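K.L.:
the following comprises the amino acid sequence and a computationally predicted model.
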Amino acid sequence: MTTEIRKEKDRVFLDHIPVLRWGEGMDNSFIRSVQLTLNAIGENYSYIFLMGVSGAAFRLHFHTEWLADSADATTGFDVSKILFSSLGYEAGLHSINKERPDEVKSLYRRVTAHIDRGIPVISGKLRGDPGWGIIAGYLKNRTGLVCRTYFDQDEKYTQVDTPPENSFFIDKVGHARDYKELFRDSVRTAIHLAKTKSFSGYRSGFSAFETWIGILNELPDSLGDKDLISNAIIFNCLADARQAAAGYMTLMNNHIDLKNGNRIVAGYNDEVDLLKDVREDLNRLAKSALAGSGAGEGEKEPQTRGGTREPQTRGGTREPQTRDGTRKTGADGKEVQVLLKREAEVLVRVLDIEKEVIRLMEG
């Protein structure tokens, strides 16, 4: 799919960029935005392939302060660095202070130049909502952007009047690396993510599982609404990632002689099945918490560069997570504890499989 530049009376934009939607098995907002941006300029990459090549399919981050931006693919272990270089692209991160007019003007000049070349821009926190999205155009007669976000109300492009703080501008600078090399490197990335304890303060891999499980077992009655929402966000991120991992490893197994390939694929499929068992109930609980906390739908996938979540602590120390002393979910406290204990039990079983999968990769 290659888009065309359309020029109307009041705007210039790239047409035919698909709508971004939750719940379609492509919930990693950064990877999905990159995929549609690359598709728009003629690169026929799939979501699953980009999840695998970048390492996002094998990633799990967790922060002890229940930071939901653990789910952001550019937080901690920043997958963008591997992703763009592997495909022969340079992608500079353009960050601005929205209170500085000179920086805002510089951003708009760069956006205009990119759109005029037929290249979308990947940006975070468009419309003020969390997550990553796509700048598909600009307004001609005044400041404003034409965008795709996960929070659009319909299939029409969304008009945004405020500039994003963080954007990636991609440019082709070389050729994509050989598929076999990419596949083999992605296995090394999977092992690295699993066995490295932390990246920039975020627990990773085995350590992330163990920390998460420990907190769920020790403090299930101290989690307030925001933490229950964060918990569901991280859980959904894990489920989406491992579903992509199963698909990616199947693709890899079909292209190269992958040792233990069938067993690795089976392991990831087993993880996906286990995560499904509790995912729906956690989302139901988070939905109740979202309504009770007064937060908007945009809390589904808070990001860091894509949109930082409200800090989870005050004064730099971990405070009780029911900050106002109340639980607004409407769920019985005992019911919440039972569900979180069940979640912990599922994560223990997933971790056991994960360790075996990584052992098979190392073999």
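P.N.:
Structure's in. What do you need?
K.L.:
tally of neighbours for Leu139?
P.N.:
Residues lying near Leu139 (other Cβ atoms under 10 Å) number 17. Quick note: C-beta positions are derived from backbone N, CA and C, even for glycine.
K.L.:
hmm, I was thinking of Gly363
P.N.:
Other residues close to Gly363 by other Cβ under 10 Å number 9.
K.L.:
my guess is it meets Gly261, correct?
P.N.:
No. At 11.3 Å, Gly363 does not count as touching Gly261 under the criterion of Cβ atoms under 8 Å.
K.L.:
strands of the protein, start to end?
P.N.:
Assigned by DSSP state E, the chain shows strands spanning 5-7, 11-14, 61-62, 89-95, 121-124, 132-139, 145-148, 158-160, 166-172, 198-199, 202-204.
K.L.:
kindly check the end-to-end length of stretch 170-189 for me.
P.N.:
Using Cα to Cα, to the nearest Å, one end of stretch 170-189 lies 23 Å from the other.
K.L.:
quick one: contacts of it?
P.N.:
Contact with stretch 170-189 is made by 37-38, 52-53, 55, 58, 82, 84, 86-91, 119, 122, 248, 252, 255-256, 258, 361, as judged by Cβ atoms under 8 Å, 6 or more residues apart in numbering.
K.L.:
list the buried residues of the lowest-mean-pLDDT helix or strand in the chain.
P.N.:
Least confident helix or strand of the chain, by mean pLDDT, DSSP states H and E, is helix 261-293 with a mean of 91. Using 16 or more other Cβ atoms under 10 Å as the test for burial, helix 261-293 gives 261, 264-272, 274-275, 278-279, 282-283, 285-290, 292-293.
K.L.:
same check on stretch 145-163?
P.N.:
For stretch 145-163, by 16+ other Cβ under 10 Å, it's Leu145, Val146, Cys147, Arg148, Thr149, Tyr150, Phe151, Asp152, Tyr157, Thr158, Val160, Pro163.
K.L.:
could you pull out the helices for the stretch 201-350 of the chain?
P.N.:
205-218, 225-255, 261-293, 333-362 (DSSP state H, counting those that start in this stretch).
K.L.:
among those helices, which is nearest Asp72?
P.N.:
Set against Asp72 and scored by Cβ to Cβ, these come closest in helix 225-255, at 8.8 Å.
K.L.:
that closest one packs against which elements?
P.N.:
helix 47-54, helix 179-195, helix 261-293, helix 333-362 (3 or more Cβ pairs under 8 Å, 6 or more residues apart in numbering; DSSP states H and E).
K.L.:
what is the neighbour count of the closest residue to Arg279 other than its chain neighbours?
P.N.:
Once flanking residues are discounted, Arg279 sits nearest to Ala239: 5.4 Å by Cβ to Cβ, 6 or more residues apart in numbering. Other residues within reach of Ala239, judged by other Cβ under 10 Å, total 21.
K.L.:
cool, and the one 3 residues further on?
P.N.:
Burial of Arg242 is recorded as 27 neighbouring residues (other Cβ under 10 Å).
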